[in-house]
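Trainee: Show me how the following folds:
(chains A and B)
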Amino acid sequence: MMAMEGQQPQSSSENGRESEDYGEEGREKGPHPLAQAGTGSFPGGFIGKHRLQAAITNLNNQISILQEELKKVETIGESSTVCKDLISSVESTPDPLLPFTKGSVDAGWDRWFGGAHHSRNHKRWI
Amino acid sequence: MSVTELKERHLAATETINSLRERLKERRLSLLDTDIAGYARSQGRAPVTFGPTDLVCCRALQGHTGKVYSLDWTSEKNRIVSASQDGRLIVWNALTSQKTHAIKLPCAWVMTCAFSPTGQSVACGGLDSVCSIFNLNSPADRDGNLAVSQMLSGHKGYVSSCQYVPDEDTHLVTGSGDQTCVLWDITTGFRTSVFGGEFQSGHTADVLSISINGSNSRMFVSGSCDSTARLWDTRVASRAVRTFHGHRGDVNTVKFFPDGNRFGTGSDDGTCRLFDIRTGHQLQVYHQQHGDNEAAHVTSIAFSISGRLLFAGYTNGDCYVWDTLLAKVVLNLGSLQNTHEDRISCLGLSADGSALCTGSWDTNIKIWAFGGYRRVV
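Mentor: Just a heads-up that it's a prediction; the model follows:
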């Protein structure tokens, strides 16, 4: 997406994207052994022990992160609670780009119209 | 332990991860009892309505001779910095449309730019994998060019995005094609923290965009070609606080919601999404059906100061104004008079929220403001 015309960005990932196949939720479709570990193969097709161990350590870290998140998810509320909070946050803030406002209009909002536009006396700038 | 045993362990761990992810996904889905639009409708909210001359293009900033890739406003309201493929950064007084600086860049392939909080410096980055800082108060040379005052080198891929830490001219966060984000100390030129990278729970493809939380500058979010957005705490670089799934394409743009408790994303999948950082809930998908045509990619987003409006720029030149609460397109700036003639590449809101700035591949920058009658409610 972000590649610029006439030149390809040098990136550590193929074509600026992951080469792995992605399924729903932007995740790997199936288990892809060693994919996340950045492990390479030696000429004989053998994988270095130390690389495998590092990869396993990495996977174990991810497991503990996911388990932690599962615990957190048990304590969070439903999305309707968040929606209620969001609506009250949005509606309590004056917004210069909306056709309505709560409270007084800030004169600075109309500086783009060089004084020719005053919403208070219904003048329009076109 | 033999290689065979290690491989078996690796496979078992991978399977555990996949089953945990599945459980997590199911649990999250069970908590999504509504989205914002459904909830807002149930509370009797109606969409915002704009008249034909309510949002108008009140300035056209002309001067770039190449595609505009990035722009940023100063915090003191009226100045903008823009970066273009013509190899220049231009600093504009948006109110007068005058250029105050035109900086010729050492590398023309620029992708991002940012104003420092005090407005005294600008930063930019691109395919040279370096983030360059220019002090606007430093004297220009005979040709009128400013020298680079600091070069932040260390990324192994292009610099796709940069943003100064709010209220600090000395720290800046970059996102890069090397799959990492970096917090820099500009004074020393050294990396303070690296977010992601090998054997860490970071992005697994190019980072395309970052956004720092205005309410809590320790938190920032990144969007990536791996189809995810990740939330980071600058005090814990080793792993992301949370990973947000849902998009089915590169996440080209991320932007914090004004209240700092959620953030928006825009993607190659043609959708914008709104996520809550505390619960991890995906609160809304903003998607316009285009018949059989493939949806245009979202290149950039910005929220109005209350968060009621979500501006989204697309590769086809549209710039939709979404009502964030009702998930409805209430206006398309791309269909108005004096609009852009090519893709919208970048968007930015002025510090006081009174104007939206759009940058495009048509080389122009336009400023949009409310020019209608405001009802006081």
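Trainee: low-confidence ranges in the stretch 151-300 of chain B?
Mentor: Counting by pLDDT under 70, the stretch 151-300 of chain B contains low-confidence ranges at B:198-201, B:289-294.
Trainee: At the contact with chain A, which residues of it appear?
Mentor: The stretch 151-300 of chain B comes close to chain A at residues B:156-158, B:160, B:177-179, B:198-199, B:201, B:204-206, B:208, B:225-228, B:239, B:242, B:245-250, B:252, B:258-259, B:261-262, B:268, B:276, B:278-281, B:283, B:297, B:299, as judged by Cβ under 8 Å from any Cβ of the partner chain. Every C-beta, even on glycine, is put in place using the N, C-alpha and C of the backbone.
Trainee: Show the buried residues in these.
Mentor: Buried subset of those (neighbour count, 16 or more other Cβ atoms under 10 Å in any protein chain shown): B:157-158, B:160, B:177-179, B:201, B:204-206, B:208, B:225-228, B:239, B:242, B:245-250, B:252, B:258-259, B:261-262, B:268, B:276, B:279-281, B:283, B:297, B:299.
Trainee: Among the residues you listed, which are located in strands?
Mentor: Counting by DSSP state E, the part of those found in strands is B:Ser160, B:Leu208, B:Arg242, B:Asn252, B:Arg262, B:Asp276, B:Leu283, B:Thr299.
Trainee: Tell me the one among the residues you listed nearest to B:Gln98.
Mentor: Nearest to B:Gln98 out of those is B:Thr299 (Cβ to Cβ; 27.3 Å).
Trainee: ok, that closest one touching B:Thr253?
Mentor: Yes: here B:Thr299 reaches B:Thr253: they are 6.6 Å apart, a contact under Cβ atoms under 8 Å.
Trainee: Between the two, which contacts overlap?
Mentor: When contacts are counted by Cβ atoms under 8 Å, 6 or more residues apart in numbering or on different chains, the set common to B:Thr299 and B:Thr253 consists of B:Gly266.
Trainee: quick one: low-confidence parts of chain A?
Mentor: Low-confidence regions of chain A, defined by pLDDT under 70, span residues A:1-47, A:74-76, A:115-126.
Trainee: Strands of that one, start to end?
Mentor: Under the criterion DSSP E, strands of chain A are mapped to A:100-101.
Trainee: can you map out the helices along it?
Mentor: For chain A, the helices defined by DSSP state H occupy A:49-75, A:79-91.
Trainee: The first one packs against which elements?
Mentor: Same thing as helix A:49-75. helix B:3-31 (3 or more Cβ pairs under 8 Å, 6 or more residues apart in numbering or on different chains; DSSP states H and E).
Trainee: what about B:Val182, is that helix, strand or coil?
Mentor: On the three-state scheme (DSSP: H, G, I helix; E, B strand; the rest coil), B:Val182 is labelled strand.
Trainee: need the contact list for it.
Mentor: Contacts were defined as Cβ under 8 Å, 6+ apart; by that measure B:Val182 touches B:Leu152, B:Gly154, B:His155, B:Val173, B:Thr174, B:Ser176, B:Arg191, B:Thr192, B:Ser193, B:Val194, B:Phe195.
Trainee: Now that we have the residues you listed, which of them are buried?
Mentor: The neighbour-count test (16+ other Cβ under 10 Å) applied to these identifies B:Leu152, B:Gly154, B:His155, B:Val173, B:Thr174, B:Ser176, B:Arg191, B:Ser193, B:Val194, B:Phe195 as buried.
Trainee: Please list the members of those that lie in strands.
Mentor: Judged by DSSP E, the buried ones among the contacts of B:Val182 include B:Leu152, B:Val173, B:Thr174, B:Ser176, B:Arg191, B:Ser193, B:Val194, B:Phe195 as members of strands.
Trainee: State the distance from the third one to B:Gln85.
Mentor: Distance, B:Thr174 to B:Gln85, by Cβ to Cβ, to the nearest Å: 19 Å.
Trainee: Tell me how chain B divides into domains.
Mentor: Domain ranges of chain B: B:1-31, B:36-370, per automatic domain parsing.
Trainee: buried set for the first one?
Mentor: Across domain B:1-31, burial judged by 16+ other Cβ under 10 Å covers B:6-7, B:9-10, B:13-14, B:16-18, B:20-21, B:24, B:28, B:31.
Trainee: Considering only the residues you listed, which also neighbour chain A?
Mentor: Okay, of these touching chain A (Cβ under 8 Å from any Cβ), that's B:6-7, B:9-10, B:13-14, B:16-18, B:20-21, B:24, B:28, B:31.
Trainee: is it possible to export those to a markdown table including pLDDT?
Mentor: Shown next, in a markdown table, are those (pLDDT from 0 to 100):
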| residue | pLDDT |
| --- | --- |
| B:Leu6 | 85 |
| B:Lys7 | 82 |
| B:Arg9 | 79 |
| B:His10 | 86 |
| B:Ala13 | 92 |
| B:Thr14 | 88 |
| B:Thr16 | 89 |
| B:Ile17 | 86 |
| B:Asn18 | 86 |
| B:Leu20 | 85 |
| B:Arg21 | 75 |
| B:Leu24 | 76 |
| B:Arg28 | 69 |
| B:Leu31 | 69 |
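Trainee: In JSON lines: these, plus distance to A:Pro94.
Mentor: Formatted as JSON lines, these follow (distance: Cβ to Cβ, whole Å):
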{"residue": "B:Leu6", "distance to A:Pro94": "61"}
{"residue": "B:Lys7", "distance to A:Pro94": "61"}
{"residue": "B:Arg9", "distance to A:Pro94": "58"}
{"residue": "B:His10", "distance to A:Pro94": "56"}
{"residue": "B:Ala13", "distance to A:Pro94": "52"}
{"residue": "B:Thr14", "distance to A:Pro94": "51"}
{"residue": "B:Thr16", "distance to A:Pro94": "50"}
{"residue": "B:Ile17", "distance to A:Pro94": "47"}
{"residue": "B:Asn18", "distance to A:Pro94": "48"}
{"residue": "B:Leu20", "distance to A:Pro94": "45"}
{"residue": "B:Arg21", "distance to A:Pro94": "42"}
{"residue": "B:Leu24", "distance to A:Pro94": "39"}
{"residue": "B:Arg28", "distance to A:Pro94": "34"}
{"residue": "B:Leu31", "distance to A:Pro94": "32"}
